[in-house]
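# heads up, no residue letters with this:
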């Protein structure tokens, strides 16, 4: 049985307060909307934005604030991200919440269109979408866990153990649950983000970290494709809404990020689908209906074997 859908407003969200929040890809779109929302004066949060843009977004509310730090960083570079996280932690003394948000849309058609190299051979496919939307996510997760984790009960466990615990929220997508024809690399990457959630939620909880994902459907951000020349983002959104397409505002997604962070341990393992500015938690419903889509025999076989010592990396 599916969880009920719900709406969020600033009065119904209980976001973090007096915390330091780091956002990747925070110079525009969902990331910027989240930075602005969580920077609200009454919440008293420090906001760190990592983005490849050479300068911070021209929003005086942020750029004039002592509670805001902008760091130019390329998430596809381990050295760049590692340095940025260290700078952020040093500047505000610690990190409490990480929003793993940097991403791009599908770039070109890589599988059915043949491009030739200068020598006339089939050219290597472009991997920018994969590099940013899933490979870099793994790097950000590594850094986030390193900075947030508390020492687990297992004394043999390696890691910093210097953090105070906290939350990590990752941006997946509706395409991470249902896939999107015409965007196979993007869909595969976002399925990978959901895979990270399912594989890491239990071990993250053991070191004091709550891990969750947001999965927005079509959201009004600059990465939207298919606009006519000269058509504004808002005009495109109104056109799509008129055709019955469920459209999100970036501000609604920002509220959902704040909601997920504010839940703390209660939100661990959650996956929040967002369509038409409505929100629904998916992961609990998927878990409850396993017998429906696996069948009783396969579910019992799975349950019988999941305790086997196949993966020694578990904490």
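It's in. Just so it is clear, the model here is predicted, and its values are computed rather than measured.

# CA atoms for contacts and neighbours, from now on please.
Fine.

# low-confidence ranges, the stretch 51-200 of the chain, go.
The stretch 51-200 of the chain contains residues with pLDDT under 70 at 152-161.

# quick one: the helices in it?
60-63, 78-92, 128-130, 136-148, 184-206 (DSSP state H, counting those that start in this stretch).

# make TSV from those and add mean neighbour count and distance to residue 238 to it.
TSV is the format used below for the helices of the stretch 51-200 of the chain (neighbours: other Cα atoms under 10 Å; distance: least, Cα to Cα, whole Å):
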stretch	mean neighbour count	distance to residue 238
helix 60-63	14	28
helix 78-92	17	37
helix 128-130	21	28
helix 136-148	21	32
helix 184-206	21	25
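
# distance to residue 20 added to these, as a markdown table?
Converted to a markdown table, the helices of the stretch 51-200 of the chain look like this (distance: least, Cα to Cα, whole Å):
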| stretch | distance to residue 20 |
| --- | --- |
| helix 60-63 | 14 |
| helix 78-92 | 7 |
| helix 128-130 | 29 |
| helix 136-148 | 11 |
| helix 184-206 | 19 |
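
# the ones you listed: which one's closest to residue 99?
Within these, the stretch nearest residue 99 is helix 136-148; the backing value is 9.2 Å (Cα to Cα).

# what are the contacting residues of the closest one?
75-78, 81-82, 85, 89, 94-98, 100, 159-166, 168, 193, 204, 208-209 (Cα atoms under 8 Å, 6 or more residues apart in numbering).

# try 7 Å this time
75-76, 78, 82, 95-96, 98, 100, 159-160, 162-166 (Cα atoms under 7 Å, 6 or more residues apart in numbering).

# pick out the most distant pair among the residues you listed.
The span of the contacts of helix 136-148, defined through Cα to Cα, is set by 76 and 164 at 26.8 Å.

# tell me which of the two has more neighbours.
It is residue 76, of residue 76 and residue 164, that has more neighbours when counted by other Cα atoms under 10 Å, with 19 against 16.

# contact partners for that one?
Contact analysis of residue 76 by Cα under 7 Å, 6+ apart lists 131-132, 136.

# now these as JSON lines including distance to residue 124?
Formatted as JSON lines, those follow (distance: Cα to Cα, whole Å):
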{"residue": "131", "distance to residue 124": "14"}
{"residue": "132", "distance to residue 124": "17"}
{"residue": "136", "distance to residue 124": "20"}
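
# from the residues you listed, which is closest to residue 27?
Comparing the contacts of residue 76 against residue 27 with Cα to Cα places residue 132 closest, at 15.6 Å.

# quick check: that closest one vs residue 185, distance?
11 Å (Cα to Cα, to the nearest Å).

# then residue 13?
With Cα to Cα as the criterion, residue 13 and residue 185 are 33 Å apart.

# what bridges to residue 68?
residue 47 (DSSP bridges).
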